[in-house]
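Chemist: I need the structure of the sequence given here:
(chains A and B)
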Amino acid sequence: MKQRERIVVTGVGIICGLGGNKDEVIANMKKNQTGIGTVKSFATDKFLSSMGAEVKDYNPSQYFSAQEEDSYDRCAQYAIIAAKEALQDSGLELGQVGSERVGLSLGTCNGGINSLEVQGRMNNLDQHLTKRYPFFQQGDDVASFFGVQGPVNTINTACAASGNAIGYAYDMIAEGYADVMIAGGSDSMSLSVYAGFNSLQALSPVPCSPYNKRFGLSLGEGAAFVVMETLSSALERGAHIYAEICGYGLSVDAYHATAPEPKGRGIKLAVEIALENAGLDKTKVGYVNTHGTGTKANDPAELIGLRSIFGEDEFKKLPISSSKAYFGHNLGAAASIEYVSTLLAMQEGFLPATLHLEEKREGCEDANIIGNEMLECSPEFFLCNNSAFGGHNASIVSRNWKVSQTEEKTIDVPKQTRVGIVGMGLINSLGTFQSGALPQVFQTEKASKECEFQLKKYDANLYERRMNRLAQFSIGAADLALRDASITVDDSNAMQIGLIYGTSRGSLESSLKYLEGILEKGPEYASSIYFPDMVLNSTAGKVAMKLGVKGYGTSLSTGGNDGLASALYGYEAIKKGIQAYCLVGAGDEFSPLATEVDHVLGLNESIYPLAEGSCFLVLADLDQAKEQGLRVYSELKGFGSTFGGSQGDSQQLERAVNTALERSGLSMDDIGFVYYSTLSLTDTVATTKQVLDGLVADRSIPVVSFDQYLGYAESTSSLVQMYMAAESIFAQAHSGQAELEAAAAAQETANPAIPPRAKHGLIVGSSTNGNYIAAVLSAIE
Amino acid sequence: MKSVQEIKETIKQSILIDRLELEDITAEEINDEDALFGSGLGLDSVEALDVVAGIEEEFGIKIQGIPQEEIQKHFYSVETLAQFVSEKLQESVSA
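Modeler: The predicted model follows:
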């Protein structure tokens, strides 16, 4: 039986409304203090509340040089401060571990929103400030600050993001991509976000009190990070261990843009997957740190979900609490701040409390809520749960190392499932495709890469009013992919299908409408209908909702290879047996604000036209798919993921390729073609081509980017290469080869992109900040 | 002071059509008695809150924070909503 290392937390760091470091935070928790008070960052007189948990007396110069302070948005600043504390706490020297074996995952709800809103306009944006804005920039800035060169990922599932980021880090170590991961989340106080929650009437006029008679939440800000490593390495170096992360789970509600499914179905599934992933029986769970925001919609729904997992009687006995009355709702940082503060309390033999609890509200009466004062209690195992706008949920299962230790350094893992591609959907300037786009690509003479797809015309049932074009493209492409795979989603299989989505920017068309509305009319008139689209996972949430996909789910941003990052995540989920099927996709959309961001990234000088659209693949348990008689286009053999910190890092590009080959059990000599996508700037493309040509050496195989035919679409292009590779491999193994050659012949010379009889193809995607992901695809034997 | 008829027109055009971007319908086609939610115009709870912000902006009255039950009562149709706005406007004048 295959085994894997146990993964433990050996360092924690935190900055939030309750304190600027871990000592301050735990000291204030012991005093039952709240960090929620009157917001000072902006005027709140026109809002329903003036409450918020701000970081007190924040002085960046205490932590950063003037140049550093100028380079980072507040979100990245908080993250660096917390991650630094966590690293110091762990006693790890990154240099000794080797930066190539260290990775980073960061969860955020609003990214660098402060850097955008400070400008007070939405056109002619300042280049320097706007560079700090993108979501992926937050993860990349922190990774660059510490010089990590392992896998780097920014998870954007709003209020569940940092729990998911810790989960992703767990995967990266468990699956051998890294030895050490720095994981957590960050978000800063923002006027436009505050205005959005105000428009939804979700803010409490007094400090929030989850599960209490009074409704409403209080927003917070801050960051928390953990350092994760294998148990063997922690024991070897005599490190202090806080907890073992035993497993985690994700899910998507597919219910509503802002409200949770009323029966708590989503959080229930996330917990179930987490427990199964951890191999832990639910009766062993001794404490649940809940999401508990204080809103009318969240609290009872969440408890219904928990009740249905543990059973009425056990649930009544199980200590639970929401920590949000200490430091508010920290959105993307909520999960990690709650996780770290729970660990801190456990170090002292306590469990966190829900402050301000007077009288439990309807639907929460039977819950064993730890109210107002920490409880002296040391459970062996505990859960940390979070739920988000867009319907994404995350649950982490941990072992409280202080009271429950194990000598066994490894645990058995079930046989790994082979992963195949069984469905494809593509929407771009050429039209809509299932499989079959490859021959068309070479015939195009269209210069414009604008996508004319309209979901309403494609299927009016999938459309709803004000749906932004990113959501339209993405729902369309996902629907095409499911149809291509002959999968009909219904109650019997909805929870067996996952959905992982990559988007660097989300819908800036919707963000622009929301932010412009605030600028024109004032924050007190903020649009409640556009606010929910400010979170980047809103698109993935909509795809899930419209197609009824209710399984494992997340959304992420890497700034250029988002699509391949989704494929990697989906591949790991199927490999581990979490899901039988998983949609992986990405999308891009033109808008005036997107053009501004393009300019900042230098894409106004793109050598290929910029493109929009969406691409989705259906990944599946290969053996099961074959048994069911599904067409399997190709097998996904393995991935590599590295980070260089800047474009054109030849070394990290090569290492991503070599890692993917090694994990696939293949060498470069086995590869029949290389399809790649990279930031479409002259130098970056040239460097990438040069490195890949070098790896191919004197073998004359195609090294091609389909971006030259289809244009460059930041999030989608890398996945489009995988689409083309799957089609190319499948066509060669079947009768399609003649057609492909005919299409190629029509284009003057034989097409160099389609090699004869290739069994294995390599796909490479890179981001604007040098995030490299490589993958190997193979023909089905 | 705006008449109830003027209020209705503002609600239909500025709020329902322009602000909420209702599609496949014009202001003229919205009946005063049509239910705003459910089987009528099909607004949801988040859109209801946007109607609140729209009313505040258009008529300069403060109604944010009113309980959900009040929303359900006064926001039933353009007719009931216009009456509610008219009363609020009179209150603000007499106050």
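Chemist: now the closest residue to residue A:91 other than its chain neighbours: how far from residue A:93?
Modeler: Nearest residue to residue A:91, sequence neighbours excluded (Cβ to Cβ, 6 or more residues apart in numbering or on different chains): residue A:239, at 5.9 Å. For every residue, glycine as well, the C-beta is placed using N, CA and C. Per Cβ to Cβ, to the nearest Å, residue A:239 is found 12 Å from residue A:93.
Chemist: so residue A:216 makes contact with residue A:204?
Modeler: Yes. Residue A:216 lies in contact with residue A:204 (Cβ atoms under 8 Å); the separation is 2.7 Å.
Chemist: anything in contact with each of these two?
Modeler: A:49, A:294 (Cβ atoms under 8 Å, 6 or more residues apart in numbering or on different chains).
Chemist: next, count neighbours for residue 38.
Modeler: Using chain A. 10 (other Cβ atoms under 10 Å in any protein chain shown).
Chemist: you answered for a different chain; I wanted chain B.
Modeler: Neighbours around residue B:38, by other Cβ under 10 Å: 9.
Chemist: ok, it to residue B:63 distance?
Modeler: On the measure of Cβ to Cβ, residue B:38 and residue B:63 end up 22 Å apart.
Chemist: list the contacts of residue A:426.
Modeler: A:432, A:433, A:434, A:437, A:477, A:480, A:613, A:614, A:615, A:616, A:720, A:723.
Chemist: is the nearest residue to the fourth one once chain neighbours are set aside in a helix, a strand, or coil?
Modeler: Translated: residue A:437. In space, and not counting its chain neighbours, residue A:437 is closest to residue A:426: 5.1 Å by Cβ to Cβ, 6+ apart. Following DSSP: H, G, I helix; E, B strand; the rest coil, we place residue A:426 in the strand state.
Chemist: tell me the bridge partners for residue A:426.
Modeler: residue A:433, residue A:615 (DSSP bridges).
Chemist: list the contacts for the most centrally placed residue in chain A?
Modeler: The residue lying closest to the centre of chain A (Cα atoms, centre = their mean) is residue A:155, at 2.6 Å. Contacts for residue A:155 (Cβ under 8 Å, 6+ apart) come out as A:105-108, A:161-162, A:164-165, A:168, A:185, A:554-557.
Chemist: and it, what's its pLDDT?
Modeler: As predicted, residue A:155 sits at a pLDDT of 98.
Chemist: before we move on, what about the one 4 residues further on?
Modeler: Predicted confidence (pLDDT) at residue A:159: the value is 97.
Chemist: which of the helices and strands in chain A ranks last by mean pLDDT?
Modeler: helix A:736-745 (a mean of 60; mean pLDDT, DSSP states H and E).
Chemist: select the longest helix from chain B.
Modeler: helix B:78-94 (DSSP state H).
Chemist: check which helices and strands that one sits against.
Modeler: Under the contact definition 3 or more Cβ pairs under 8 Å, 6 or more residues apart in numbering or on different chains; DSSP states H and E, helix B:78-94 sits against helix B:4-10, helix B:45-59, helix B:68-74.
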